[in-house]
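Colleague: this one's structure only:
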């Protein structure tokens, strides 16, 4: 049985068991959830060494700083463009379906707004003061920068650095093997994670705010069908069934864990083994995407901002809605690597158009349900970006090779 099928069975079984355990939330949380937590710990255990080793090998093998710069430019441009489109889709559907109209919800909870660090501070902080400390803290952007420097330096040193390159190459293979072992327990981890969520919330959580959940999930589906279809069909040789079938195991893990970082090993494994993306591209694009790519979160910003405005009977002008698009797009980079980035970005978005901060409390109860959708879309976007960058790099290399052959002839 394929891994994706096993994970899907674990997810469905977890939902069924969770529904049957209504009123037994304490048992689910205290005795089933720990197995899910252990699965998360296994994944978190392998993220840093996996990213470090694969990225060092990729940069050392590439040996071309210009190529790395070109890949980086394509990746960031892709993430910013798709994020802007995602916010726009969220706003458009929220305007059409108006999920906040007619709701009279009590607002007892207060949310203290948190500021994201200035963009210049984020740029400065991607350079680690201490690489070991960065790895200990799991500061992914800093790890990426250090690994790129290390890989490029290995390439520039040449033959004397071969033992170092061979070490990281072997280390990467070991990490891939460990990743494969961890993925074998993924169905059980997904089951243990989803049971307490369903047992605690039950179907009732969907009823009061079912409309905003429906708009969010519809926007996610539309974004995937439009944006990723155009990318995959327009720039790669992968068919759509191959793409979605190949990334399905990672999607199911993202849906249950609600963490792009925790899903990263599965995303890397799926894109390389199922989509044929080169190791160098996957090890560069995917860790960066897990940190700064937020297509699903961007849709969430658009839907949530309009939802809050409609609940409070406030009409946003076209200019204010464009401000939501711009703020939601840029804030996804500005809040990169910050815990609770989704709420931080939403705080910035609401503030930018003068909406009441208390509005965040309205959707706090269903945030987990929304987070499942946005995290799944985030990692799907990461995989699409990896396929896009890898395909364009292959075409560039072929064109450069043909040009070199022509000039030599």
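Modeller: Sure, I can see it. The model shown is predicted, which means the values in this text are computed figures rather than measured ones.
Colleague: so residue 272 touches residue 279, yeah?
Modeller: Yes. The pair residue 272 / residue 279 is scored as a contact, 6.1 Å apart, by CB atoms under 8 Å. Every C-beta, even on glycine, is put in place using the N, C-alpha and C of the backbone.
Colleague: which of the two has more neighbours?
Modeller: Using other CB atoms under 10 Å, the more surrounded residue of residue 272 and residue 279 is residue 272, with 21 against 17.
Colleague: what sits closest to the more buried one if chain neighbours are left out?
Modeller: Nearest non-adjacent residue to residue 272, counting by CB to CB, 6 or more residues apart in numbering: residue 282, 5.2 Å away.
Colleague: average pLDDT across the host helix or strand of the one you found?
Modeller: Using DSSP states H and E, residue 282 maps to helix 279-292. For helix 279-292, mean pLDDT rounds to 84.
Colleague: what about residue 395, how many neighbours?
Modeller: Residues near residue 395, counting by other CB under 10 Å, number 11.
Colleague: what do you get for the one 4 residues further on?
Modeller: By other CB under 10 Å, the residues close to residue 399 number 10.
Colleague: re earlier: can you check what angle separates the following helix or strand past the helix holding residue 282 from helix 279-292?
Modeller: The element immediately downstream of helix 279-292 (helix or strand, assigned by DSSP H and E) is helix 295-311. For helix 295-311 against helix 279-292, the angle by axes from the mean of the first three to the mean of the last three CA atoms, to 10 degrees is 20 degrees.
Colleague: helix 295-311: what's the following helix or strand?
Modeller: That would be, after helix 295-311 and using DSSP H and E, helix 318-334.
Colleague: so which elements touch that next one?
Modeller: For helix 318-334, the packing partners by 3 or more CB pairs under 8 Å, 6 or more residues apart in numbering; DSSP states H and E come out as helix 65-97, helix 119-125, helix 295-311, helix 341-352.
Colleague: gap between it and the chain center?
Modeller: 19 Å (CA atoms, centre = their mean, to the nearest Å).
Colleague: please apply the same query to stretch 392-409.
Modeller: Using CA atoms, centre = their mean, the offset of stretch 392-409 from its chain centre is 34 Å.
Colleague: next one: stretch 263-270
Modeller: 11 Å.
Colleague: next one: stretch 383-394
Modeller: The answer for stretch 383-394 is 16 Å, by CA atoms, centre = their mean.
Colleague: give me the residues contacting it.
Modeller: The contact list for stretch 383-394 (CB atoms under 8 Å, 6 or more residues apart in numbering) reads 67, 70-71, 74-75, 78-79, 82, 227-228, 231-232, 235-238, 243, 246-247, 250, 267, 270-271, 275, 277-278, 281-282, 285-286, 289, 293.
Colleague: and for stretch 234-252?
Modeller: With CB under 8 Å, 6+ apart, stretch 234-252 has contacts from 3-4, 7-8, 11, 183, 186, 190, 228-229, 232-233, 263, 266-267, 269-271, 274-276, 376, 379-380, 383-384, 387-388, 390-392.
Colleague: just the ones of those in helices?
Modeller: If you go by DSSP state H, the contacts of stretch 234-252 have 3-4, 7-8, 11, 183, 186, 190, 229, 232-233, 263, 266-267, 269-271, 376, 379-380, 383-384, 387-388, 390-392 in helices.
Colleague: mind giving me the PyMOL select for these, buried ones only?
Modeller: A single PyMOL command is used to select the members of the ones in helices among the contacts of stretch 234-252 judged buried by 16 or more other CB atoms under 10 Å:
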select buried, resi 3+4+7+8+11+183+186+190+232+263+266+267+269+270+271+376+379+380+383+384+387+388+390+391+392
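Colleague: how about stretch 233-242: buried residues?
Modeller: Those would be 235, 236, 238, for stretch 233-242 by 16+ other CB under 10 Å.
Colleague: so where's the stretch 201-350 of the chain uncertain?
Modeller: For the stretch 201-350 of the chain, the stretches with pLDDT under 70 are 201-209, 330-345, 347-348.
Colleague: rerun that using 50 as the cut-off
Modeller: The stretch 201-350 of the chain contains residues with pLDDT under 50 at 205, 334, 336-340.
Colleague: which residues touch residue 321?
Modeller: Shown in contact with residue 321 (CB under 8 Å, 6+ apart): 91, 95, 306.
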